[in-house]
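Novice: What follows is a predicted structure for the sequence shown.
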Amino acid sequence: MSEPQPVVDFDFHGKALDTIFDDYQLMLESKPVGHSSKYGGFWYITKSEDIFQAEQDPDTWSVAPGMMMPPMGTEMPLIPIDIDPPEHGLFRKLLLPMFTPMEIKKLEPGMHATAQELAEQVRTAFATDPVVDVSTRFARPYPTIIFSRLAGYPEDDWPMFDRWIDEIIYDRTKSPEKAQAAGDELIAYVTRLVDHGRAGNAQGGIMGALLQKTVNGRPLTDEELLSYGYLLFLAGLDTTAWALRSSLWYLARNQEAQRLLRAEPERIPDAVEEFLRTLSPVQAMARTAKRDTVVRGQKIKAGERVALVFGAGNRDPEIYENPDDIDVTRENNRHLAFGGGIHRCLGSNLGRKELVIALTHFLATVADFEPAAEEPWHGVGSLRLRLSGGE
Ligand code: HEM
């Protein structure tokens, strides 16, 4: 294959947020479909319309061998995200009853209580410490605790969950062995839960419900349960933590937006959509061409890997006015942060609700805050803040 010269040898991992957004504008303007040499080589698709089209066309774009690029600590296909039709629909359907608005509503009192409790802890920490890491104290534990309740995992295990997430998601590009080891630990953990439930012990939450489900008239196999458990773990925890962390990062750097949302909390749902659009917790997901095809004039051959770059599509100037401006009052904000086709995020309503509740409690409880230091930020790791006007 003759590879065209890339505009940028694009990689969506490990970059500071401000730099990746500069890359996107360059790609959108001069080479909206291009090639990167990373991860064995892949095409990137950046225009919103092209991403939506690919999302809607599973006959051309397969999710095999996996949507994550590179894989996340396991080579096993994750259900339902790495499964193509017609099986995909069968497996996705089993999860639908657990994500209805009624089910999400049941979690709301717990979300309020946990968000308030953690926000109080941040406020107290500021009383003695000028600099507080709000990632460790707020953005990470909150979604992990909510998810544990939903999934039926012991809530107190959350620090272990967060370590696995770091090693699986963030260390995998630098240290695949570490990611693999964490993936093995997670598999062993979910296996124990499955065995526990199979042995007739009470098992609540999603895992408990899946143990009762059938597909094509047969119960789910242990491998299928494990695969669901693994995927939900990756899909449900860090996405929401990332979104929360980066929303706070933006608010820390923009006092005016912070004060507006504090004074008019009814604007927080629109602000959350704008943070999701512009900061895109999942920057990209992979597909494989099932047949030779052409995207925006670029030939892509059967078998080649492609990244649908949601983070770039969400800043496409053809769709959004002043796409790089983060305007917390923006309305009618249709974006790609949750994907857009048959694999569209099943947890989108849950994630949105979690974010709105978390930001509402945080802003109501913690006084004006700003970054402890002006440093490049990657969306991951610690988020060190201080109260505005502090030393
Ligand atoms: C802000 C938070 C979240 C974001 C930004 C997000 C984003 C995404 C994205 C981009 C996809 C792939 C869509 C595609 O390729 O078309 C996805 C799939 C998925 N997400 Fe989320 N997600 C979030 C929260 C959650 C939560 C809280 C859960 C569950 C606890 C969840 C469960 C899933 C599942 C099960 C899939 C696979 C759906 C399928 O293959 O049919 N997500 N998510």
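Specialist: Done, it's in.

Novice: Show me what from the stretch 151-300 of the chain comes close to the ligand.
Specialist: 232, 235, 236, 239, 240, 243, 281, 282, 285 (CB under 6 Å from any ligand atom). The way it works is simple: take the backbone N, C-alpha and C, and place the C-beta from them, glycine included.

Novice: contacting residues around the most centrally placed residue in the chain?
Specialist: The residue lying closest to the centre of the chain (CA atoms, centre = their mean) is residue 239, at 2.6 Å. Taking CB atoms under 8 Å, 6 or more residues apart in numbering, we find residue 239 in contact with 281, 282, 347, 351.

Novice: repeat for residue 112
Specialist: Residues near residue 112 by CB under 8 Å, 6+ apart: 357, 361.

Novice: how much space is there between it and the ligand?
Specialist: Separation of residue 112 from the ligand (CB to the nearest ligand atom, to the nearest Å) stands at 17 Å.

Novice: What is the burial count for residue 275?
Specialist: 24 (other CB atoms under 10 Å).

Novice: ok, longest helix in the protein?
Specialist: Longest helix in the chain, counting residues (DSSP state H): helix 101-128.

Novice: helix or strand right after that helix?
Specialist: strand 132-133 (DSSP states H and E).

Novice: after that next one, next one along is what?
Specialist: Using DSSP H and E, the first helix or strand after strand 132-133 is helix 134.

Novice: For stretch 198-216, which outside residues touch it?
Specialist: 90-91, 94-95, 97-98, 149-153, 190, 193-194, 196-197, 219-220, 222, 224-225, 228-229, 232.

Novice: Weed out the non-buried ones from those.
Specialist: 91, 94-95, 98, 149-153, 190, 193-194, 197, 220, 224-225, 228-229, 232 (16 or more other CB atoms under 10 Å).

Novice: per-residue confidence for residue 63?
Specialist: On pLDDT, residue 63 comes in at 97.

Novice: So which residues of the stretch 51-200 of the chain form strands?
Specialist: 61-62, 132-133 (DSSP state E, counting those that start in this stretch).

Novice: any low-confidence regions in the stretch 151-300 of the chain?
Specialist: Residues of the stretch 151-300 of the chain meeting the criterion pLDDT under 70: none.

Novice: quick one: the helices in it?
Specialist: For the stretch 151-300 of the chain, the helices defined by DSSP state H, counting those that start in this stretch cover 158-165, 176-198, 205-212, 222-236, 238-253, 255-263, 268-279.

Novice: What sits closest to residue 388 if chain neighbours are left out?
Specialist: residue 368 (3.9 Å; CB to CB, 6 or more residues apart in numbering).

Novice: so what's the one you found up against?
Specialist: Per CB under 8 Å, 6+ apart, neighbours of residue 368: 255, 258, 259, 387, 388, 389.

Novice: Then residue 25?
Specialist: 315, 324 are the contacts of residue 25 under CB under 8 Å, 6+ apart.

Novice: average pLDDT for the longest helix of the chain?
Specialist: Here the average pLDDT along helix 101-128 is 96.

Novice: could you check the angle helix 238-253 makes with that helix?
Specialist: Between helix 101-128 and helix 238-253, the angle comes out at 50 degrees (axes from the mean of the first three to the mean of the last three CA atoms, to 10 degrees).
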